[in-house]
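Peer 1: next comes the sequence, and after it the predicted model I'd like to discuss.
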Amino acid sequence: MKSAAVVNYSPEKGSVEIREIECPTIGDEDVLLEVANVGVCGSDLHQWTADHSWPVNYPVVLGHEFGGTIAQVGPRVEGWREGDRVVSETAAIIDSNNPMSRRGMYNLDPTRKGFGYGVNGAMTRFVRVPSRILHHVPDRLPFEYACLTEPCCVAYNAVVKNAHIEPGDRIIVLGPGTIGILCAAMARLCGAEVALVGLEADRHRLEIAKQYGCEAIIGDAKDWAMERDGLGADGVIDAAGASITLKIALNLVRPAGWISKVGWGPQPLGFNLDQLVQKNVRLQGSFSHYWPIWERVIAMLASGQLDVRPIIGGVWPIEQWHEAFEKMHTGAVVKSVLRPI
């Protein structure tokens, strides 16, 4: 049986198209997942526009934010059965013997390969998924929301695990994309005052961020950073897809503050890091997520504590992937969701 799939077939710009692919064959410890919904990530757009900074195994089916129903289980799979509603983590291939995997931090296993660049992803009807990275989705949580568990986990890791927010902190988030808005929402849930910073072209996204109780700033956030005592923000979350924002973060953060960098930027820095030293600032990278984060975020989504509805700009059938990509690329919507069936 063949299904339509959104395939990134070469490293040249625009090398994405719909192709018919065979249904994958699963291994003993895998499940065959029938995809209900799959989110379009900024990394999918970067592979489409060929300005990404990670290796890709071409051709590859895009999509790593997904949920659906188990259609088939491998003979050695335990705890799962056909018909279960699930979402999947992104770590499709890991080395279980790697020291980071043994510590439970398999997201940092250097041999890790994820859906949508290392192995075929979920922008198609069926995807092969290792059972070790599945999580139950409660019946009350619709798949068009559940499929966004992954970016919510990225934000949780950057804000909760890799930053030190206390209630009353003043936090600046740079970059009002999906991850930036979700980071701002997470920081608000931690009890912080939050300002989300973008450009004039981001005005629509910044308006959406206001629904999470955030201050929206276009351009320079220096005045907001200095408002309390003239020293700067307690922390800065850099969620922009450009390297230069790290320089901005260093200007905005207070002495002995912190920066959590979650946004990718392939450009060379082109500036010195003296402020990092002079201000005694902690610079923390934040990558991906792991098992307990997923369980916590699913609970937050199911309870309504975290609401992703404001960022969803629409749901498109898989054949209309190009429109969904364009809407996100131009900033018309924050998050596009695809429906393979």
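Peer 2: Alright, I've got the coordinates. Numbers count the residues shown, from 1 in each chain.
Peer 1: can you show me the helices along the stretch 1-150 of the chain?
Peer 2: 42-49, 99-102, 143-146, 149-156 (DSSP state H, counting those that start in this stretch).
Peer 1: so what's the residue nearest to the spatial centre of the chain up against?
Peer 2: Residue closest to the mean C-alpha point of the chain, counted by CA atoms, centre = their mean, is Pro151 at 2.9 Å. Taking CB atoms under 8 Å, 6 or more residues apart in numbering, we find Pro151 in contact with 39, 41, 65, 178-179, 182, 335. C-beta here means a position set from N, CA and C on the backbone, and glycine is covered the same way.
Peer 1: A helix includes Ile217, no?
Peer 2: No. Read with DSSP: H, G, I helix; E, B strand; the rest coil, Ile217 is strand and lies in no helix.
Peer 1: quick one, what contacts it?
Peer 2: Ile217 neighbours (CB under 8 Å, 6+ apart): 195-198, 206, 224.
Peer 1: can you check Leu196 too?
Peer 2: 172-173, 176, 180-181, 184, 206, 209, 214-217.
Peer 1: in the helix or strand containing it, what counts as buried?
Peer 2: In this assignment (DSSP states H and E), Leu196 forms part of strand 193-198. By neighbour count on 16 or more other CB atoms under 10 Å, the buried set for strand 193-198 is 193-198.
Peer 1: strands paired with it, and their directions?
Peer 2: Strand pairing for strand 193-198, determined by DSSP bridges: strand 170-174 (parallel), strand 215-218 (parallel).
Peer 1: now the angle from the first one to helix 149-156?
Peer 2: Pointing back at strand 170-174 there. 130 degrees (axes from the mean of the first three to the mean of the last three CA atoms, to 10 degrees).
Peer 1: just the CA coordinates for the helix or strand just after strand 170-174, please, in CSV.
Peer 2: Remark: after strand 170-174, the chain's next helix or strand is helix 178-189, criterion DSSP H and E. Backbone C-alpha positions of helix 178-189 (Å, rounded to 0.1, in the frame of the first residue of the first chain) are rendered in CSV as follows:
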residue,chain,number,x,y,z
THR,A,178,6.5,28.7,17.7
ILE,A,179,9.3,27.9,20.2
GLY,A,180,9.6,31.5,21.3
ILE,A,181,5.9,31.9,22.1
LEU,A,182,5.8,28.5,23.9
CYS,A,183,8.9,29.5,25.9
ALA,A,184,7.2,32.7,26.9
ALA,A,185,4.1,30.8,27.9
MET,A,186,6.2,28.4,30.0
ALA,A,187,8.0,31.3,31.7
ARG,A,188,4.6,32.8,32.6
LEU,A,189,3.5,29.4,34.1
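Peer 1: Arg85: how many residues sit nearby?
Peer 2: 17 (other CB atoms under 10 Å).
Peer 1: Gln320 too?
Peer 2: Neighbour number of Gln320 under other CB under 10 Å is 15.
Peer 1: how about it, secondary structure?
Peer 2: Gln320 - assigned by three-state DSSP - is helix.
Peer 1: would you quantify the distance from it to Leu148?
Peer 2: Distance of Gln320 to Leu148, given as CB to CB, to the nearest Å: 19 Å.
Peer 1: quick one: closest of the helices of the stretch 1-150 of the chain to Pro75.
Peer 2: helix 99-102 (23.9 Å; CB to CB).
Peer 1: is it true that Pro317 touches Ala324?
Peer 2: No. With contact defined as CB atoms under 8 Å, Pro317 does not reach Ala324; the gap is 9.2 Å.
Peer 1: the two - which one has more neighbours?
Peer 2: Taking other CB under 10 Å, Pro317 and Ala324 do not tie; Ala324 has more neighbours (26 against 13).
Peer 1: that one and Lys335 touch, don't they?
Peer 2: No. Counting by CB under 8 Å, Ala324 stays clear of Lys335, with 9.7 Å between them.
Peer 1: any residues in contact with both of the two?
Peer 2: Here Ala324 and Lys335 share the contacting residues Val40, scored by CB under 8 Å, 6+ apart.
Peer 1: out of everything not next to it in sequence, what's closest to Ser15?
Peer 2: The shortest distance from Ser15 to any non-neighbouring residue, by CB to CB, 6 or more residues apart in numbering, is to Tyr9 (5.2 Å).
Peer 1: mind listing what that neighbour touches?
Peer 2: By CB under 8 Å, 6+ apart, the neighbours of Tyr9 are 15-17, 19, 58-59.
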